[in-house]
Every structure is written in C-alpha cells, then in structure tokens.
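Visitor: the following block contains a protein sequence and its predicted model.
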Amino acid sequence: MRGDALPRPVHDGIRAQIRRSARRAWTMVRRSSVEYFRGNGSDWLALTIQTTMVPTLAWATSVAPAWVPPTALVFPVIIGGLMLRPASLLVLYAGAATALIVEDAVLGTGPHSRGVSPGTVLVVGGVAFGGLMLAQFRRRVGVPWRRGGTMLFDLRERIRVQSRLPELGAGWHAEIGLRPAGGQLFSGDFVVATRSGDGRVLEAVLADVSGKGMDAGSRALLLSGAFGGLLGSLPPHQFLSAANGYLLRQNWEEGFATSAHLVLDLESGDYELLSAGHLPAMQLIAGTGRWEEKAADGMPLGIAADAEFHGVKGTLRTGDVLLLFTDGLVELPGRELGDGIDRLIGEADRYVAHGFRGAAYPLIEAVAKDTNDDRALLIICRE
C-alpha cells in the first residue's frame, strides 16, 4: 500500500460524508424555494440567484459586447424588483452599479471603444427605480408578488362559494347570475343564502354595495361574510336591523348598501320579501301569464340607526317565478328605471314556455351586456 493512500474504510466514510452534506444542502435549497414561493421565510435564495446573474452578465458583456450589451443588466434588475424585498433589492442594485463601472472600464479601453453610454445608465437606473417603487408597495401591502395572485383567486373563490345557493329539493329551482363591472374579478353585488335546520325555510339575501367593481369588492367580501353569519342565526325580521347596525359601525365613507331579504316556505310556497332600499322584485303568475311587482319599503343599510324595514308577502305556486335583481341590470343611461325593468321582463318572457333553468346569465347578457356596472340576478322557480 502506498504511504499517501487512504484506507478503504476512511475513503468510503469521506464519500458518505460528502453525500450527506450534498443532500443537506439540496434539502435546504428545496425548502427555501418552497417557503419563498409560499411567501414565507427570507428571500436569500432569490437574492443569491440574482446577484449571481449580475457578474455573469458583466463578464459576458466584456467578452462579447455585440451579443450581450450593457443594457442586459436590466434583466436581473427587473426580476429583482418583482421578487425581492427593498433591502435585498438595494444589495442587488449595488452589484449592478459595480458591474456597470467594471463594464465601462473594460469596454472603454482601446482606440475604438466607447464604454458604457449614458443612455444605458439611464435605462438601467430607470428600471431600478421602478422596481424599488414596486417593492416598496408590496412591502406596505404585506403581500409578496408570488402570493398576491393566489390570494386574490382565493378571495374570489370565497365570494363564489358564499354566493352558492343551497339545494331546494324537488319542485324548486334557483340560480344566481353575477357579472362584475368591466369584466373584473370582484363585484359589489353578492348573494348569501341558507336553509333552516329542518330544511323547510329558505332565506336568501341579495345585496348591492355602494360603488362598483374592485372599489366595492373589498366591502362586499366583508359584508358577505358578516351577512352569512347573521343569516339564519336571527329571526327573519331582525336580520336587516342587525345588518344595518353592522354597516353603521364600519364608518365607511361610502358605507351604504341596498338589500332584499327573501324568506320562503318551501312547503307552502308562501314568502315574505323585506327590503332595505332595494329594487322591487318581479313575480310571474303562471295562472295569468302576467308579471306582478313586489315592492317592499325600507331605508338603505348604513344610513340611519333607527331605520325600519317592512315586508311584502306573496305565494309562489306551481309555474310561478320570482326575479330579484340589482340596479346595474335595469338602470339604463338616459332612461327611466321602469324601462329597464320592462326590458328585463320582455327578455324573461322568452323563457316562460321552456323553463328558467340556465337563464340567469343569458338574461344578464341580453339585458345589460355592455353596462359598466355590477349586475346580479336571482331566479327562484316553483316547478
């Protein structure tokens, strides 16, 4: 055996130790990556990758400036602005500035060299400033870019789930159509509904929060959760009063909302519709083929603490249909509200012979397709 050769057990032990160290390093990188993209932990891994790109690009620019110009540094600067926190971003920017100085020194040598142009410095500096402003905004909001879209998607799904109508059983059909203003994700209109413990009574609330689209979406999300908690937990005639008190406690500048509260007995078909400044409902009387207006009286929510809410009663018999809707569906610029309701009823008549299953969204598209307002339609049929 040679004097400088290691015994085989020692050699195997060193190899095993190297493998364990490599596995630990890979595990640390993998866990850091998972935590980073979940929005947890530090951003050291992203910072390491970006700061590695800077000298690599600087070297490539020095070797082949025709293929990798100095402005290539905007790539790590842009990515860093999207991924890093402000403090880490400043470290990256310091590395990018150093790289520009080195590139200017290298490219500025020789009789035909021009170095780094002022335009390149302005481009990289402008992109860096924009990235820093974006990082500062993310820091104030507290939502990293990699989780912001997921969070918005989760919020939209929560609104969608809260607006889901319960199964009504044989002989009944109900559906809801929601269209936010401008094709956005969030709407100021929402629906919450529940059935009583014995399954006999359906309570449904159609609400229209002041504002529209994204401006009203955050308030609608908060109110839909609050209304969902109140609905079914209080006697029907106390719900709107409790909801009114809740809005008053928020002290919002645009703190009012209109709401229609339907209490329907699924066995007899009798119902009571209570209103807080909401539009009247429309009921199709199958026996006569005519539509009747069901208007209840009440002040919008969030206006006065002593507001009173009165209801109107009715009955849904076989073949009858009840439509509840928000003003965005029937308010037309330059026209009276009654004209919009007449247009809705005219389109709804097309479905009388074939039934209203799947009619909510087609009705919205037919009546108010291009309206820049939130639109909601609730249809309840007794078949």
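Guide: That came through, no problem. Residues are numbered from 1 along each chain as shown.

Visitor: D270 contacts D320, doesn't it?
Guide: No. Proximity of D270 to D320 does not meet the contact threshold set by Cβ atoms under 8 Å, at 11.8 Å. Where C-beta positions appear, they are placed from N, C-alpha and C, glycine not excepted.

Visitor: out of those two, which sits in the more crowded spot?
Guide: D320 (19 against 13; other Cβ atoms under 10 Å).

Visitor: can I assume the more buried one is in contact with A281?
Guide: No. Using Cβ under 8 Å, D320 makes no contact with A281, being 11.8 Å away.

Visitor: residues near I79, how many?
Guide: 16.

Visitor: how near is it to R85?
Guide: Note on I79: its distance to R85, by Cβ to Cβ, to the nearest Å, is 14 Å.

Visitor: which neighbours do these two have in common?
Guide: Here I79 and R85 have no joint contacts, going by Cβ atoms under 8 Å, 6 or more residues apart in numbering.

Visitor: tell me which residues touch V205, please.
Guide: Neighbours of V205 in contact, by Cβ under 8 Å, 6+ apart: V191, V192, A193, F227, L231, F239, S259, A260, H261, L262.

Visitor: now with 6 Å, please.
Guide: V192, F227, S259, H261 (Cβ atoms under 6 Å, 6 or more residues apart in numbering).

Visitor: and what about it, helix, strand or coil?
Guide: For V205, the assignment made with DSSP: H, G, I helix; E, B strand; the rest coil gives strand.

Visitor: just the endpoints, please. Distance across stretch 104-121?
Guide: 10 Å (Cα to Cα, to the nearest Å).

Visitor: going forward, count from 27.
Guide: Sure, I'll start counting at 27 from here, so that last one is stretch 130-147.

Visitor: so for it, what's the average pLDDT?
Guide: The average pLDDT within stretch 130-147 is 70.

Visitor: next one: stretch 363-377
Guide: Mean predicted confidence for stretch 363-377 is 89.

Visitor: hmm, L300 and L288 touching each other?
Guide: No. L288 is beyond contact range of L300, at 8.0 Å (criterion: Cβ atoms under 6 Å).

Visitor: where does the stretch 77-226 of the chain dip in pLDDT?
Guide: 134-141, 167-186, 188-189, 208-211 (pLDDT under 70).

Visitor: show me where it has its helices.
Guide: According to DSSP state H, counting those that start in this stretch, the stretch 77-226 of the chain carries its helices in the segments 100-109, 112-133, 144-167, 171-188.

Visitor: deepest-packed of the ones you listed, please.
Guide: Sort those by mean neighbour count, taking mean count of other Cβ atoms under 10 Å, and helix 100-109 sits at the top with a mean of 21.

Visitor: which strands and helices lie in contact with that helix?
Guide: helix 70-89, helix 112-133, helix 144-167 (3 or more Cβ pairs under 6 Å, 6 or more residues apart in numbering; DSSP states H and E).

Visitor: apply 10 Å and report the result again.
Guide: On a contact count with 3 or more Cβ pairs under 10 Å, 6 or more residues apart in numbering; DSSP states H and E, helix 100-109 meets helix 70-89, helix 112-133, helix 144-167, helix 171-188.

Visitor: which one of those helices lies closest to P388?
Guide: helix 171-188 (19.1 Å; Cβ to Cβ).

Visitor: okay, and the common contacts of D346 and A307?
Guide: Listed as contacting both D346 and A307 by Cβ atoms under 10 Å, 6 or more residues apart in numbering are E318, G340, I406.

Visitor: and the first one, which of the three is it?
Guide: Secondary structure assignment for E318 (three-state DSSP): strand.

Visitor: how close does it sit to K395?
Guide: 27 Å.

Visitor: closest one to P261 out of the contacts of V231, please.
Guide: Distance to P261, by Cβ to Cβ, is smallest for H287 among those, at 11.7 Å.

Visitor: pull the number of nearby residues for that closest one.
Guide: 27.

Visitor: so who does the closest residue to L118 other than its chain neighbours touch?
Guide: Nearest in space to L118, with sequence neighbours left out and distances taken as Cβ to Cβ, 6 or more residues apart in numbering, is G106 at 4.5 Å. G106 makes contacts with 69, 72-73, 75-77, 79-80, 114-119, 121-122, 153-154, 157-158, 161, as judged by Cβ under 10 Å, 6+ apart.
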